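Novice: pasted the sequence and its predicted model underneath.
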Amino acid sequence: MSQSCDCNKELKLLFSCAGCADVGEMSDRAARVLSREGVGKLYCLAGIGAGLSSFIDQTKTASKVLMIDGCSVDCGKKILEKNGIDQFYALRITDLGFEKGKTTVTDETVGAAVSKVKNSIMEIGYAN
């Protein structure tokens, strides 16, 4: 009798923008905090962008995927979509009240972003 393993059944992945703008840095730092807190596993957006099948396949089979972009350019969201990943939740740091080019990245502002992301993921269903 063979046993199958749905190893990714409960795997929640986190991706973040890490662009050069302040809100890109905020999304990256917030995602790292969320990962350390067990909200999801931080995963490599560069691997997706490079078209690496192991990264793409893992992401497609994850139970939930959250993309945290910095701004409305939506680079991360576009990378996921370009690589055939269409089942994910998307958030933007700028939609959470932070302004691109005018947000000083400190432990306090990152903490505020983490709190706002947590509230948002409860509303959109990622946290369930």
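Specialist: That came through fine.
Novice: if you count neighbours, what's buried in the longest helix along the chain?
Specialist: Longest helix in the chain, counting residues (DSSP state H): helix 107-124. Judged by neighbour count (16 or more other Cβ atoms under 10 Å), helix 107-124 contains these buried residues: T109, V110, A112, A113, V114, K116, V117, K118, S120, I121. Backbone N, C-alpha and C define where each C-beta goes, glycine included.
Novice: next, the contact list for the first one, please.
Specialist: Contacts for T109 (Cβ atoms under 8 Å, 6 or more residues apart in numbering) come out as M26, F98, T103.
Novice: is it true that the last one touches V23?
Specialist: Read it as T103. Yes - in this structure T103 lies within contact range of V23 using Cβ atoms under 8 Å: 6.0 Å.
Novice: out of the two, which sits in the more crowded spot?
Specialist: Remark: of T103 and V23, V23 carries more neighbours, 27 against 20, as counted by other Cβ atoms under 10 Å.
Novice: coming back round to it: spit out the residues that contact T103 and V23 alike.
Specialist: Common contacts of T103 and V23, defined by Cβ under 8 Å, 6+ apart, comprise I93.
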